[in-house]
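> Prediction below, plus the sequence it came from.
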Amino acid sequence: FIIFISISIYIEHRSSTMSAKVHYYQATGRANVIRLALAAANITFEDVYPSGGFPPSDEDRAKWRNLGKNTTTNVPLLEMPDGRVFTQSGAVLRAVGRMGNLTPADDDYDGLYLTDKLIEDAEDLRGQSYKCFVTWGASLEAADAFVEKILPEHLGNLERQFKETGGGYFLGDSLTLADVACYDAVVNFGSNRAPGALDAFPELGAWKGRVEGNEGIQNYLASDAFAGLMKFGPESLGR
């Protein structure tokens, strides 16, 4: 009986200290918004990269397919310590938000709608950003259009909505999943690629500082794990 209790306590402790695993490439990309959400939610995680880097090997693809079950794409993929597996970046992000209490209450229909809308607004910016990587074959004209027209248009739309809430964050006075999603798009797909892009949007600039002041996000951004990721900079725009 004593031995059984000891084993049970050991298993419970081991499970509580095990990390979630984010399966993706060693880059910010589409996984970093998930990493940021995990950090904000204080959910311990570790990155698992394909053994051969990019592009992934057939063995890596088979491993992801075995975990995620999709016959199409499976990464970013989140594997929880209890064996649950989540795929599709938007679905993973929302799952982490619910786990970490980063979403409005179930009966706050306006808040839930605004959260979903802002996640989609962020995805619109992210999608436009992906279209103009000179390092991946896009033209300099496409890159210039992104910096001069497309990015300011999206930043202006986000700042407009931010001002309407009247708080320090997009949904009021505390950080939510909407802030995490917008931060990733604004910074990793916007101002990191086009330094100075936020100069014309001071409200967003101040909000960015508040998001980075969140303890979990602050610790993650200062971590070796984040430092070791490939990030999108001005060179991706041919600058």
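Arrived safely.
> CA only for contacts and neighbour counts going forward, please
Will do.
> average pLDDT across the longest helix seen in the chain?
Looking across the chain with DSSP state H, the single longest helix is helix 109-130. Mean pLDDT, helix 109-130: 98.
> got the contact list for it?
For helix 109-130, contacts defined as C-alpha atoms under 8 Å, 6 or more residues apart in numbering pick out 103-106, 146, 150-151, 154, 158, 171, 177-178, 181-182, 184-186, 189-190.
> Name the nearest residue to residue 144, sequence neighbours excluded.
With C-alpha to C-alpha, 6 or more residues apart in numbering as the criterion, residue 144 has its nearest non-adjacent residue at 7.8 Å, and that residue is residue 237.
> same question, residue 18
In space, residue 18 is closest to residue 81, 6.0 Å off (C-alpha to C-alpha, 6+ apart).
> Check residue 227 too.
Excluding the flanking residues, the one nearest residue 227 by C-alpha to C-alpha, 6+ apart is residue 221, at 7.6 Å.
> Lowest mean pLDDT among the helices and strands, pick that one out for the chain.
Lowest by mean pLDDT, DSSP states H and E among the helices and strands of the chain is helix 2-17, with a mean of 37.
> before we move on, back to that, whichever of the contacts of helix 109-130 end up buried, select them in ChimeraX.
Restricted to buried positions by 16 or more other C-alpha atoms under 10 Å, the ChimeraX selection for these reads:
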select :103,104,146,150,151,154,158,171,177,178,181,182,184,185,186,189,190
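> In helices, which of the contacts of helix 109-130 fall?
Checking those against DSSP H, those in helices are 151, 154, 158, 177-178, 181-182.
> Quick check: the gap between the residue most central in space within the chain and residue 110.
By C-alpha atoms, centre = their mean, the mean C-alpha position of the chain lies nearest to residue 33, the distance being 0.2 Å. Shown here: residue 33 relative to residue 110, a distance of 23 Å by C-alpha to C-alpha, to the nearest Å.
> Next: residue 148.
Taking C-alpha to C-alpha, one finds residue 148 at 33 Å from residue 110.
> Comparing those two, which residue is more hemmed in?
residue 148 (13 against 10; other C-alpha atoms under 10 Å).
> who touches the more buried one in this structure?
Contacts for residue 148 were tallied using C-alpha under 8 Å, 6+ apart; there are none.
> quick one: it is in a helix?
Yes: counting by DSSP: H, G, I helix; E, B strand; the rest coil, residue 148 is part of a helix.
> For it, give me the pLDDT.
For residue 148, the model assigns a pLDDT of 98.
> In this structure, what residue spans correspond to strands?
Per DSSP state E, the chain carries strands over the ranges 20-23, 45-48, 77-79, 85-87.
> Quick check, residue 74 in contact with residue 64.
Yes: using C-alpha atoms under 8 Å, residue 74 is in contact with residue 64, at 6.0 Å.
> picking up where we left off before, the residue nearest to residue 18: neighbouring residues, count only.
Counted with other C-alpha under 10 Å, residues neighbouring residue 81 total 16.
> Dihedrals phi and psi, it?
phi -60, psi -30 (degrees, to the nearest 10).
> isn't it right up against residue 19?
Yes: assessed by C-alpha under 8 Å, residue 81 is found in contact with residue 19 at 6.1 Å.
> Any regions of the protein where pLDDT drops low?
Counting by pLDDT under 70, the chain contains low-confidence residues at 1-17.
> rewinding a little: let me see the contact set for the nearest residue to the residue nearest to the centre of the chain once chain neighbours are set aside.
Counting by C-alpha to C-alpha, 6+ apart, residue 184 is the residue found nearest to residue 33 once chain neighbours are left out, at 5.6 Å. Contacts here follow C-alpha under 8 Å, 6+ apart; on that basis residue 184 touches 32-33, 122.
> With respect to residue 45, which of the residues you listed is nearest?
Each of the contacts of residue 184 was scored against residue 45 by C-alpha to C-alpha, and residue 32 proved nearest at 12.2 Å.
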